[in-house]
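>>> Following is a predicted model, sequence given first.
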Amino acid sequence: MIRLGVNLDHIATLRQARGERYPDPVQAALLAEVGGADNITCHLREDRRHIQDRDVFALKDTIQVPLNFEMAATKDMLDLAVKVRPHAVTLVPEKREERTTEGGLDLAASREVLAAATKRLRDSGILVSLFVEPDVKAVTLSKELGADAVEFHTGSFCHKMAATTSTRAQKPLVQRLIDAAATAHHLGLQAHFGHGLNYTNAHWLQVVSHAEEANIGHAIIGRALWVGLKDAVSEMKRLLNDPAFRPLWD
């Protein structure tokens, strides 16, 4: 089974747009759990554009499923993560001017920082995932840095899949994910996927043999406007796991 992590950042985006106390990410998390969410994901950005510090603590204290805390590998964030002690931390790149995370970590350029951050988090009993491109070299380096998991950035995959007009063109795009996940599995790393996955492409993860988890936010929150959050989560989980939605591959 592919676990579904529901990212609630955009619940907080809506709240922060008016500076109100609602809608509440914690309330949304409880509905997501009812819909079948296997974990809850939130990204505390340095500019606090959506999720706030108090949200992270409240989610950790309230939800019944694991908390996946996305953050940059900065001292302030590491200090906070050690206080919160989420089930997992996903270290991501972060630029102030970007709308959302635009790509994987530059592991080679940030090797020392990421290695130290990973060690500190793991010493605190926190599972560490590195957000990387679906590339065999990136997976290998993630293992060397001490990670427990890799989350593959699927933004490029999703955009290219939307632009394809044939199965022949789609297959090499999916194959890249298959190869990256197989490498992760061989090295003893969990293979997670996230960014850009939606109701037209998430089902392709069913053909990725070693896919363990998908973290999806924007598409689920958007769908929830029409069907409600519980049903939006349930629909996505079926796409990831129901054989009826598995694309023809062999």
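That came through, no problem. Residues are numbered from 1 along each chain as shown.
>>> Kindly state the beta-bridge partners for the residue most central in space within the chain.
Nearest to the geometric centre of the chain sits Asn215, at 3.5 Å (CA atoms, centre = their mean). Asn215 forms beta bridges with Gly5, Gly194, as assigned by DSSP bridges.
>>> Mind listing what's buried along the helix of greatest length in the chain?
The longest helix of the chain (DSSP state H) is helix 167-186. Of all the residues in helix 167-186, those buried under the rule 16 or more other CB atoms under 10 Å are 170, 173-174, 176-178, 180-185. C-beta here means a position set from N, CA and C on the backbone, and glycine is covered the same way.
>>> same question, stretch 198-213
198, 201-208, 210-213.
>>> Please flag which of these sit within strands.
Per DSSP state E, strands hold the following members of those: Glu213.
>>> which one of the buried residues of stretch 198-213 sits closest to Asp9?
Nearest to Asp9 among the buried residues of stretch 198-213, counting by CB to CB, is Asn198 at 15.4 Å.
>>> In contact with that closest one: list those residues for me.
158, 216, 218-219 (CB atoms under 8 Å, 6 or more residues apart in numbering).
>>> Show me the shaky parts of the chain.
95-102, 250 (pLDDT under 70).
>>> can you map out the strands along it?
3-7, 39-43, 67-71, 88-91, 127-132, 149-153, 190-194, 213-216.
>>> Outside of the third one itself, list whatever touches it.
Right, strand 67-71. 5, 7, 39-44, 56, 59-60, 77, 80-81, 84, 86-92, 129, 131, 215.
>>> What is the neighbour count of the closest residue to Ala88 other than its chain neighbours?
Leaving out its chain neighbours, the residue that sits closest to Ala88 by CB to CB, 6 or more residues apart in numbering is Leu127, at 4.2 Å. If you count neighbours by other CB atoms under 10 Å, Leu127 ends up with 17.
>>> Would you enumerate the residues in contact with Leu127?
Counted by CB under 8 Å, 6+ apart, Leu127 has contacts 87-89, 148-149.
>>> which one of the residues you listed has the most neighbours?
Neighbour counts for the contacts of Leu127, by other CB under 10 Å, peak at Val89, which reaches 30 neighbours.
>>> thinking again about what came up before, the strands of the chain into CSV, with extra columns for distance to Ala17?
Shown next, in CSV, are the strands of the chain (distance: least, CB to CB, whole Å):
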stretch, distance to Ala17
strand 3-7, 17
strand 39-43, 17
strand 67-71, 21
strand 88-91, 25
strand 127-132, 26
strand 149-153, 26
strand 190-194, 24
strand 213-216, 22
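>>> do you know which of these lies nearest Ile51?
The nearest among the strands of the chain, by CB to CB, is strand 39-43 at 4.7 Å.
>>> helices or strands next to that closest one in the packing?
strand 3-7, helix 9-18, helix 25-34, helix 53-62, strand 67-71, strand 213-216 (3 or more CB pairs under 8 Å, 6 or more residues apart in numbering; DSSP states H and E).
>>> thinking again about what came up before, columns distance to Met236 on top of the contacts of Leu127, output as JSON lines?
Supplementary listing: the contacts of Leu127 in JSON lines, determined by distance: CB to CB, whole Å:
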{"residue": "His87", "distance to Met236": "20"}
{"residue": "Ala88", "distance to Met236": "19"}
{"residue": "Val89", "distance to Met236": "23"}
{"residue": "Asp148", "distance to Met236": "24"}
{"residue": "Ala149", "distance to Met236": "20"}
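>>> quick one, what contacts Asp148?
Asp148 touches 88, 122, 127-129, 189-190, counting by CB under 8 Å, 6+ apart.
>>> thinking again about what came up before, verify the contact between the residue nearest to the centre of the chain and Gly5 for me.
Yes. Between Asn215 and Gly5 a contact is recorded at 3.9 Å, counting by CB atoms under 8 Å.
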